[in-house]
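> Give the three-dimensional model of this entry:
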Amino acid sequence: MSPTNPARPATDPTPTPGRAGRAEHAGRPAAIPRGAARAARTTRAARTTRAARTTPADRARADRARVDRARAGGHRVGRSGRIAFVVLTAPIVIGLGIFKYVAIGWSFLLSLSDARGTIALGHWVGLDNYRTLLSDQAFRDSLLQILLFTVFIVPVTFAASLGLALLVHRIRRGRALLRTTFLVPAAVSYVAASLLWKMCLFNGLPAGIANMIGGWFGAEPVAWLQSTSPPLYWAVLVTLRLWLQVGFYMVLFLAGLQAVPKELYEAAALDGATGRRLLTGVTLPMLRNTSVAVLMLLFIAAFQAFDEFYNLFNSGLSGTGTAPVQTPLVHLYNTAMGSQNYGLGSAGAFVLTALVVGVTLLQGRFTGFGRSGE
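Prediction:
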């Protein structure tokens, strides 16, 4: 005889919690109470009735209200963004306007007036300052000297930067170290480098580095900055300029070299191109835009030469009363700050600016720099 079991019979229809969980797990929907179903049907009927009663005009007004609310929120966000933009940019805009653009405009007005010993606008002379400057033999000589300096230093710096970039680009290990090493001089001040060249490298004393190296080969000490026949001071200027600039333009050429697709070199190698043919047929054509940009920067930098010329020659440490060579900026500085003729100095600044801009635009015209599709 089997023991009495208190469990419900198998035919009991009442679901237990375990059975209900298994039914939901099996995907069968749970039973909805009759009251909830009746409330849902009532809600749907009410929505249908309201929709039937709503006219197109009411719906249009509701849509316009939603659009107006969205616009009001956008206007609030846009207004706060504009206020933040004005607050953050106002200091630099005001400073730039006062200390740059207002100063440029005031300088132009000074170039049209006889301003001697003061920067206040005084007697208007029109274009007399420009005529006086262009008829000044010293200013014309400075233009000639800077043109000769530009003709020499631009191609030399260009060739040195490109050659150094090609050498560094071929190196696989230590490229970053070499790039940084050559770029460090570009961060050195022109004034500091000029004083270093004058006092240590080319000071004219037997203990100077240049004369010491020359002494190893039996050369006599040379007064580099004072020698005008031959003009050995150009060696000081050229070496200083190369040391300061070659690293910077080398980095520009390296960026251009890294942008050349390797597939071009592979295709040229399949055609039998090697060495010099790869350089002239693939590398240099692909560096065209970089080369034009470097030439423009070199030209502008050459015409803006001031620090090294002024600090190498215009002090008692050089041992000369007058500088053997003057750039236009040095001449204009002596005119404005030495002679206190601010009108003539301002006119010279605009003449030099017009010359640089004109030659740069002419160079861009011939080289096609900046054209669409280049």
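> count of neighbours near N314?
17 (other Cβ atoms under 10 Å). C-beta: built from backbone N, CA, C; applies to glycine.
> Contacts only, for the closest residue to it other than its chain neighbours.
Leaving aside its chain neighbours, N314 sits nearest to A323 (5.7 Å; criterion: Cβ to Cβ, 6 or more residues apart in numbering). Going by Cβ atoms under 8 Å, 6 or more residues apart in numbering, A323 touches 309, 313-314, 330.
> cool, and A186?
Counting by Cβ under 8 Å, 6+ apart, the residues that A186 touches are 244-245, 247-248.
> Which residues belonging to stretch 130-140 are considered buried?
By neighbour count with 16 or more other Cβ atoms under 10 Å, stretch 130-140 contains the buried residues 130, 132-133, 139.
> So for that stretch, mean pLDDT?
The average pLDDT for stretch 130-140 rounds to 91.
> how long is it end to end?
13 Å (Cα to Cα, to the nearest Å).
> need the contacts of A186 in CSV with neighbour count and pLDDT, can you?
Output for these, formatted as CSV (neighbours: other Cβ atoms under 10 Å; pLDDT from 0 to 100):
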residue, neighbour count, pLDDT
L244, 22, 94
Q245, 20, 94
G247, 22, 92
F248, 18, 94
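> so for the strand or helix carrying A354, what's the average pLDDT?
Using DSSP states H and E, A354 sits in helix 342-367. Taken as a whole, helix 342-367 has a mean pLDDT of 88.
> what's it packed up against?
helix 102-111, helix 128-134, helix 288-303, helix 328-333 (3 or more Cβ pairs under 8 Å, 6 or more residues apart in numbering; DSSP states H and E).
> quick one, which of the ones you listed is packed in tightest?
With neighbours defined as mean count of other Cβ atoms under 10 Å, the helices and strands packed on helix 342-367 peak in mean count at helix 328-333, which reaches a mean of 22.
> Now tell me what touches that one from outside.
With Cβ under 8 Å, 6+ apart as the criterion, helix 328-333 contacts 138-139, 142-143, 146, 303-306, 309-310, 314, 323, 345, 348-349, 352.
> Also stretch 343-358?
107-108, 110-116, 125, 129-130, 132-134, 139, 143, 299-300, 303-304, 328-329, 331-333, 335-337.
> what's the distance between A160 and F309?
As for A160, its distance to F309 is 21 Å (criterion: Cβ to Cβ, to the nearest Å).
> For these two, indicate the residue with more neighbours.
Just comparing A160 and F309: by other Cβ under 10 Å the higher neighbour count belongs to F309, 23 against 16.
> so what secondary structure elements neighbour whatever helix or strand the more buried one lives in?
F309 belongs to helix 307-313 when assigned by DSSP H and E. With contacts taken as 3+ Cβ pairs under 8 Å, 6+ apart, helix 307-313 sits against helix 190-196, helix 233-258, helix 328-333.
> tell me the most buried of those helices?
Highest mean neighbour count among these (mean count of other Cβ under 10 Å): helix 328-333, with a mean of 22.
> Quick one: mean pLDDT over that one.
pLDDT averaged over helix 328-333 gives 90.
> Is C200 in contact with I209, as I believe?
Yes - counting by Cβ atoms under 8 Å, C200 does reach I209; the two are 6.0 Å apart.
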